[in-house]
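J.: Predicted model and sequence below, questions to follow.
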Amino acid sequence: MYQLATGLIQPGDNLPLGTGAIVAAVTPADESVLELFRFTGAYLEGHFRLTSGLHSDRYLQCALVLEHPQAAEKLGKLLAGALQEKCVDTVGVVVSPALGGLIIGHEVARALGCRHIFTERDPESRKMVLRRGFSVEPGEKAYVVEDVITTGGSTAEVIAVLRAAGAAVAAAGSIIDRSGGAADVGAPRVALATLNVAAYKPEECPLCRQGIRLVKPGSRPT
Ligand code: ZN
């Protein structure tokens, strides 16, 4: 079991779970976050079908980091700090899309000392909505937080829900940005680690050609 009492695991630490080299371009600050993923077995290598339908040889499974409350709290503090650096406003609420954003959104809100609420899909319309009595005040400032941004679609939907309700979205944040920084959600955005992970169309995937078994690690049923 790892210890987070003295901070994130540092690059170069002797980790028991060696998973090979990271080829993604990351900054040194991001590397400690990725080390945490590797250390908790959340940095998977193989042959994966991403939610986008593209295939990749690696996958960051946030749920496997966030199953450790200490790690979740640490990541929440880091993301709260990054959001405040991006946007100095004091926010009243953190809003996340269910399910992926729930734990990290809760931990960001804990670090900021504000509320955390979430949106979910209406079973009939499939539209993102606030349910369960959740609401925002007109003009209330909000951060939108999820675990991983790939296209930014979920975060953009949450931002639209909040703006329609009269809230002011100060910034959006995620633990991982899988878009290489390209995703535009229509608000200032931060991520703890920005990755440029190679992804292939199925018909062009070298892993398919090698006959490697395809895994669907994501949370959404396909
Ligand atoms: Zn493939």
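T.: Structure received.
J.: Next, the buried residues of the helix or strand of the chain with the lowest mean pLDDT.
T.: Of all helical and strand segments in the chain, the minimum by mean pLDDT, DSSP states H and E falls on helix 28-39, at a mean of 78. Neighbour-count burial for helix 28-39 flags 30-39 (criterion: 16 or more other CB atoms under 10 Å). Just so you know, the C-beta spots here come from the backbone N, C-alpha and C atoms, and that holds for glycine as well.
J.: Give me the nearest residue to the most centrally placed residue in the chain, chain neighbours excluded.
T.: For the chain, the residue nearest the mean C-alpha position is residue 147 (2.0 Å; CA atoms, centre = their mean). Computed as CB to CB, 6 or more residues apart in numbering, the closest residue to residue 147 that is not its neighbour in sequence is residue 62, at 3.9 Å.
J.: For the one you found, give me its contacts.
T.: 42, 100, 104, 147-148, 175-176 (CB atoms under 8 Å, 6 or more residues apart in numbering).
J.: Mind doing that once more with 7 Å?
T.: Applying CB atoms under 7 Å, 6 or more residues apart in numbering, we find residue 62 in contact with 42, 100, 147-148, 175-176.
J.: which bits of this protein sit near the ion?
T.: Taking CB under 5 Å from the ion, the part of the chain that reaches the ion is made up of 55, 205, 207-208.
J.: at 8 Å what do you get?
T.: 47, 49, 55, 200, 202, 205-209, 212, 214 (CB under 8 Å from the ion).
J.: Out of those, which is nearest to residue 134?
T.: Of all those, the one with the least separation from residue 134 (CB to CB) is residue 49, at 32.4 Å.
J.: can you give me the helices for the protein?
T.: In the chain, the helices defined using DSSP state H lie at 28-39, 62-66, 69-86, 102-112, 153-164, 206-209.
J.: Any stretches of the chain with poor pLDDT?
T.: Applying pLDDT under 70 to the chain flags the ranges 1-30, 197, 218-222.
J.: Do a quick rundown of the strands in it.
T.: Taking DSSP state E as the test, the strands found in the chain are 43-49, 55-60, 93-97, 115-121, 128-130, 141-149, 168-177, 189-194, 199-200.
J.: Mind checking those for the one nearest to residue 85?
T.: Using CB to CB, these put strand 189-194 closest to residue 85, at 7.6 Å.
J.: what are the pairing partners of the closest one, and which direction each?
T.: Its sheet considered, strand 189-194 pairs with strand 168-177 (parallel) by DSSP bridges.
J.: which residues touch the partner strand?
T.: By CB under 7 Å, 6+ apart, strand 168-177 touches 60, 62, 75, 79, 82-83, 86-87, 89, 91, 104, 139-149, 155, 159, 162-163, 183, 185, 187-195.
J.: Restricting to C-alpha, output it in CSV.
T.: The C-alpha trace of strand 168-177 is given here as CSV (Å, rounded to 0.1, in the frame of the first residue of the first chain):
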residue,chain,number,x,y,z
ALA,A,168,-21.6,31.8,-14.2
VAL,A,169,-19.1,29.1,-15.1
ALA,A,170,-15.7,30.4,-14.0
ALA,A,171,-13.6,27.5,-15.3
ALA,A,172,-13.6,23.8,-16.0
GLY,A,173,-11.1,21.2,-14.9
SER,A,174,-10.2,17.5,-15.2
ILE,A,175,-7.6,15.2,-13.8
ILE,A,176,-6.6,14.0,-17.3
ASP,A,177,-6.9,15.8,-20.6
